[in-house]
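Novice: Sequence and predicted structure below; questions after.
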Amino acid sequence: MTDQASGLFIVSTSLDKPDKETRKFIRSHVMRGKNTRKSRHTKELVQLSESAAQGNSQNTRIQGLQTEKSQHERNEWSLMSPRMIASEIQLYGYVEELRPYMMDLIRKAFTIIKPATYTIEVTLVEGQRTDMLCFSNFSQHPALFHSILFASQAFWDLSLGQAYGNTAQFHLAKTLFHLQQSLQDDNEATTTSTMTVVVSLAAAAAILGDLETVEKHMNGLRRMIELRGGLQTFRDGSIVEHKAQRIDFGLALATGSNLRFMNENISWNPQIAHGVSVTNLPELSMIDPRPDPRLLNIWTDLRVFSRVANEATKTGVKMSEAFFSRLNTSVPSRLVALQFDATSMSELLRLCMMAFMKSLLIQIDGLGPKMTFIANGLQNAILAQEFPPAPEQARVLLWVLFISSLSIFENSDQDWLKVALVQTVSVLGLQTWAETRIVLKSFLWVDLVYNQLGKRLFERWIESEGNGNERQGTPGARNNKSGSSEADKGGSLAT
């Protein structure tokens, strides 16, 4: 890539004082991570897990490369003057003129798309990674600049019920042009910046619900990583590895494919809940036969994570980046590697834990119903259970039905699911959302992700519909083909 700063030129972008909304956005970006209240209880909970992980080989790698990471961050471009965003972007020479609509698309990317797709990181993670989607991305590759503009414009077009317009097509063409130039250069083809472009395109396709394109990008990325020498050639915590693993997990949920990017040696010990006994899980005591110990270890990890996340929401004390990173790197690979009888309670638990992880890592509204592999698996496993359920099974099935509805089936009308949920609520004698939420929180439940969605589901299916008709018959008698109804493509990413 040629040096864009080799000559002097006049910047034509306006340097007028930003409007009130822009100033507020810039100020919030600059103050991110500051003025955070501390809570000793939550910090000790996270520190206990992190301290116990020091002997873990994966965590040792993290600690050993902190110096390299810090040096990498110092070498990246950083915005020195928030009031001159347009001017500093213009200096890269990626466009002849930085037009007002481009700045508007950048604003939408940071104020709409980023908060909606990285809810957990933005809200609950302390010192959230600065390379997830930020201004410094623009310095790495001209294609990254255009890919962000493409994703922002395409998302806006789809939200209006329109196909990609000329603006989105223009920036997509620019992205592919710059990417192709890098791929044809032996020195650039396997660099981190070039791979970041591919990951960015895959992420944009996922946000837009185009899973076929996501799969093509990820297959290409796998080939690039193989040519480079494997994942071990990246510094730990690399944005390429982080995003690739997250998107790869989403594809596994959609297609049932194996993970492309995962460590060959899987540790089945708890990776988050260090020192927590799996023998003390009263919420699962009614399941017979007892689930596989490997599955219970994952459950324990997710239970500790849920507790930390809920404490962070309540107290304002955020979890560390390393703590959250272990969720992304250790849980999906273990869940995908396991498999049980399709109609067993163990398989139903595994699928629901995958759906739970989808809510944490892939926060894209409307994508769940398109994940046909896990949708079909959940439907088969749920309908294999007895409804109305026996009282001792009703509590865990209530959690199963809520997680399946909120994470995978979303707003699609699944009559069989509604029948099962209403019957289960009836068996438990639950009358209000507050009573129902108490039961759900005894399992895996993150308040920030599920509270509002769960309340709306309860009001729509339990309160407003009435219980008379739905309590008759069985869920399977009114079966609706899984995955056949998709959520509104034009809906907002924010929930």
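Specialist: That came through fine.
Novice: and Met262, that's in a strand?
Specialist: No. Met262 is assigned coil when assessed by DSSP: H, G, I helix; E, B strand; the rest coil, not a strand.
Novice: what's the longest helix in this protein?
Specialist: helix 293-315 (DSSP state H).
Novice: buried ones in whichever helix or strand comes after that one?
Specialist: For helix 293-315, the following helix or strand on the C-terminal side (DSSP states H and E) is helix 321-337. Buried residues in helix 321-337, defined by neighbour count with 16 or more other CB atoms under 10 Å: 321-336. Backbone N, C-alpha and C define where each C-beta goes, glycine included.
Novice: which one of these is nearest Leu201?
Specialist: Asn328 (20.2 Å; CB to CB).
Novice: wait, what's in contact with the closest one?
Specialist: Neighbouring residues of Asn328 by CB atoms under 8 Å, 6 or more residues apart in numbering: His242, Gln245, Arg246, Leu361.
Novice: still on that earlier bit, distance from the chain centre to the longest helix of the chain, please.
Specialist: Taking CA atoms, centre = their mean, to the nearest Å, one finds helix 293-315 lying 16 Å from the centre of the chain it belongs to.
Novice: just checking, what packs against it?
Specialist: Secondary-structure packing of helix 293-315 (3 or more CB pairs under 8 Å, 6 or more residues apart in numbering; DSSP states H and E): helix 40-52, helix 119-124, helix 321-337, helix 345-361, helix 447-458.
Novice: any idea which of those is most buried?
Specialist: Comparing the helices and strands packed on helix 293-315 by mean neighbour count (mean count of other CB atoms under 10 Å), helix 345-361 ranks first with a mean of 23.
Novice: Next, the angle helix 293-315 makes with it.
Specialist: Per axes from the mean of the first three to the mean of the last three CA atoms, to 10 degrees, the angle that helix 345-361 makes with helix 293-315 is 40 degrees.
Novice: Output stretch 439-456 in PDB, but only the C-alpha positions, please.
Specialist: In PDB, the C-alpha atoms belonging to stretch 439-456 read as follows (Å, rounded to 0.1, in the frame of the first residue of the first chain):
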ATOM      1  CA  VAL A 439     -37.700 -19.100  37.900                       C
ATOM      2  CA  LEU A 440     -35.700 -18.200  34.800                       C
ATOM      3  CA  LYS A 441     -33.000 -16.500  36.800                       C
ATOM      4  CA  SER A 442     -32.300 -19.700  38.600                       C
ATOM      5  CA  PHE A 443     -30.900 -21.000  35.300                       C
ATOM      6  CA  LEU A 444     -28.800 -19.200  32.800                       C
ATOM      7  CA  TRP A 445     -30.100 -15.600  32.400                       C
ATOM      8  CA  VAL A 446     -28.400 -12.300  31.600                       C
ATOM      9  CA  ASP A 447     -30.600  -9.400  32.600                       C
ATOM     10  CA  LEU A 448     -29.200  -7.000  30.000                       C
ATOM     11  CA  VAL A 449     -30.000  -9.400  27.100                       C
ATOM     12  CA  TYR A 450     -33.200 -11.000  28.200                       C
ATOM     13  CA  ASN A 451     -35.300  -9.000  30.600                       C
ATOM     14  CA  GLN A 452     -37.100  -6.700  28.200                       C
ATOM     15  CA  LEU A 453     -37.500  -9.300  25.500                       C
ATOM     16  CA  GLY A 454     -38.700 -11.900  28.000                       C
ATOM     17  CA  LYS A 455     -41.300  -9.500  29.500                       C
ATOM     18  CA  ARG A 456     -42.600  -8.700  26.000                       C
END
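Novice: how about low-confidence regions in this structure?
Specialist: Along the chain, segments meeting pLDDT under 70 span 1-97, 127-140, 237, 465-495.
Novice: quick one, strands of it?
Specialist: Using DSSP state E, the chain contains no strands.
Novice: Please parse it into its domains.
Specialist: With automatic domain parsing as the criterion, the domains of the chain are listed as 74-255, 282-478.
Novice: Asn269 is nearest to which of these?
Specialist: Per CB to CB, nearest to Asn269 of the domains of the chain: domain 282-478, 6.4 Å.
Novice: can you tell me how far Ser359 sits from Phe177?
Specialist: 36 Å (CB to CB, to the nearest Å).
Novice: Quick check: Leu397 vs Trp433, distance?
Specialist: 18 Å.
Novice: so which of the helices and strands packed on helix 293-315 comes closest to Arg222?
Specialist: Proximity to Arg222 (CB to CB) singles out helix 321-337 among the helices and strands packed on helix 293-315, at 15.2 Å.
Novice: what angle sits between the closest one and helix 345-361?
Specialist: Using the same axes, to 10 degrees: helix 321-337 against helix 345-361 is 140 degrees.
Novice: So what's the gap between helix 321-337 and the chain middle?
Specialist: With CA atoms, centre = their mean, you get 12 Å for helix 321-337.
Novice: what does stretch 280-287 give?
Specialist: Centroid displacement of stretch 280-287 relative to its chain, using CA atoms, centre = their mean, is 28 Å.
Novice: and the end-to-end length of that stretch?
Specialist: End-to-end distance of stretch 280-287 (CA to CA, to the nearest Å): 13 Å.
Novice: buried ones in that stretch?
Specialist: Within stretch 280-287, the residues that count as buried by 16+ other CB under 10 Å are Leu281, Leu284, Ile287.
Novice: Same question for stretch 223-242.
Specialist: Of the residues in stretch 223-242, those buried (16+ other CB under 10 Å) are Met224, Ile225, Arg228, Leu231, Phe234, Asp236, Gly237, Ser238, Ile239, Val240, Glu241, His242.
Novice: circling back: which of the contacts of Asn328 sit farthest apart?
Specialist: Farthest pair in those (CB to CB) is His242 and Leu361. Separation: 10.2 Å.
Novice: Which of the buried residues of stretch 223-242 fall within helices?
Specialist: Filtering the buried residues of stretch 223-242 for helices - DSSP H - leaves Met224, Ile225, Arg228, Ile239, Val240, Glu241, His242.
Novice: Turn the residues you listed into CSV, columns for distance to Gln385.
Specialist: CSV is the format used below for these (distance: CB to CB, whole Å):
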residue, distance to Gln385
Met224, 44
Ile225, 41
Arg228, 46
Ile239, 41
Val240, 41
Glu241, 38
His242, 36
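Novice: re the thing from before, which of the buried residues of stretch 223-242 lies closest to Ser257?
Specialist: Nearest to Ser257 among the buried residues of stretch 223-242, with distances taken as CB to CB, is Ile225, at 16.3 Å.
Novice: separation between the closest one and Trp268?
Specialist: Distance, Ile225 to Trp268, using CB to CB: 25 Å.
Novice: same question, Leu201
Specialist: Taking CB to CB, one finds Leu201 at 34 Å from Trp268.
Novice: Then Trp445?
Specialist: Taken as CB to CB, the span from Trp445 to Trp268 is 24 Å.
Novice: got the end-to-end distance for stretch 109-125?
Specialist: 20 Å.
Novice: Run the chain-centre distance for that stretch.
Specialist: That offset, for stretch 109-125, works out to 10 Å (CA atoms, centre = their mean).
Novice: do stretch 391-405 as well
Specialist: 23 Å.
Novice: Buried ones in that stretch, by neighbour count?
Specialist: 393-405.
Novice: export these to a markdown table and tack on distance to Phe373?
Specialist: Compiled in a markdown table, these are given as follows (distance: CB to CB, whole Å):
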| residue | distance to Phe373 |
| --- | --- |
| Gln393 | 25 |
| Ala394 | 27 |
| Arg395 | 27 |
| Val396 | 23 |
| Leu397 | 22 |
| Leu398 | 24 |
| Trp399 | 21 |
| Val400 | 17 |
| Leu401 | 19 |
| Phe402 | 21 |
| Ile403 | 16 |
| Ser404 | 14 |
| Ser405 | 17 |
